[in-house]
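*Asks:* My questions are about this predicted structure, shown below with the sequence.
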Amino acid sequence: MAKVRQTTGLLAYLERRLGSFRGGGRETEWFCPFCIDRLGDESASRKLYVNVVKGKAYCFKCDYKASNLAQMFRDMNGGALRYEELEILKGEVRIPHASVRDSVLLVLYEDDADEVLKPQELPEHVRWLTQCQWEDVALQPVYRYLERRGVDEAKM
């Protein structure tokens, strides 16, 4: 009998990263994040199939294949794994160490609470997407991708 993964955390994570999905059980269908890099185009339908029990993925449009979840996560992140992904791969569930009330009190009354976090400095040639013009021809594929997933200029 195949080892059954705990798929609740995996599905929630993939939904945050890839958008909504169809299907259920073992096989789920997602919009493929690799089609735009591999083909320069994105399908309007879900072509990335992920078997959440076996941890395998295949895209029927761009022919992307992943033999395990770790490979797919690395491909999604340019070679690195995120902390959330490591937890999913290990099957761990993060348990909150403090309540929301404790976290708020810590922020309000901690000595270093007045320290403001500053955004990361970007190289001169890099701009935040929110600083770009929606009419920019070079960024049209990016904007089409975002609009298909319900992100428009007002939400950015």
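*Replies:* The structure has been received and is ready for your questions.
*Asks:* Pretty sure residue 10 sits against residue 69.
*Replies:* Yes. Using CB atoms under 8 Å, residue 10 is in contact with residue 69, at 7.5 Å. Heads up, the C-betas are built off the backbone N, CA and C, glycines and all.
*Asks:* which neighbours do the two share?
*Replies:* Common neighbours of residue 10 and residue 69, counting by CB atoms under 8 Å, 6 or more residues apart in numbering, are residue 88.
*Asks:* so which strand or helix has the closest residue to residue 47 other than its chain neighbours?
*Replies:* The spatial neighbour of residue 47 that comes closest, neighbours along the chain excluded (CB to CB, 6 or more residues apart in numbering), is residue 61 at 4.2 Å. Using DSSP states H and E, residue 61 sits within no helix or strand.
*Asks:* To what extent is residue 61 buried, counted in neighbours?
*Replies:* By other CB atoms under 10 Å, the residues close to residue 61 number 17.
*Asks:* wouldn't it be in contact with residue 43 here?
*Replies:* Yes. Counting by CB under 8 Å, residue 61 does reach residue 43; the two are 4.9 Å apart.
*Asks:* Could you identify the helix or strand that succeeds the lowest-mean-pLDDT helix or strand in the chain?
*Replies:* Lowest on mean pLDDT, DSSP states H and E among the helices and strands of the chain sits helix 100-109, with a mean of 63. Next along the chain after helix 100-109, taking DSSP H and E as the criterion, comes helix 140-148.
*Asks:* Contacts for that next one next, please.
*Replies:* With CB under 8 Å, 6+ apart, helix 140-148 has contacts from 31, 36, 40, 42, 44, 129, 134, 152, 156.
*Asks:* In terms of secondary structure, what does the helix or strand hosting residue 13 contact?
*Replies:* Using DSSP H and E, residue 13 maps to helix 7-18. With contacts defined as 3 or more CB pairs under 8 Å, 6 or more residues apart in numbering; DSSP states H and E, the packing partners of helix 7-18 are strand 27-30, helix 83-90.
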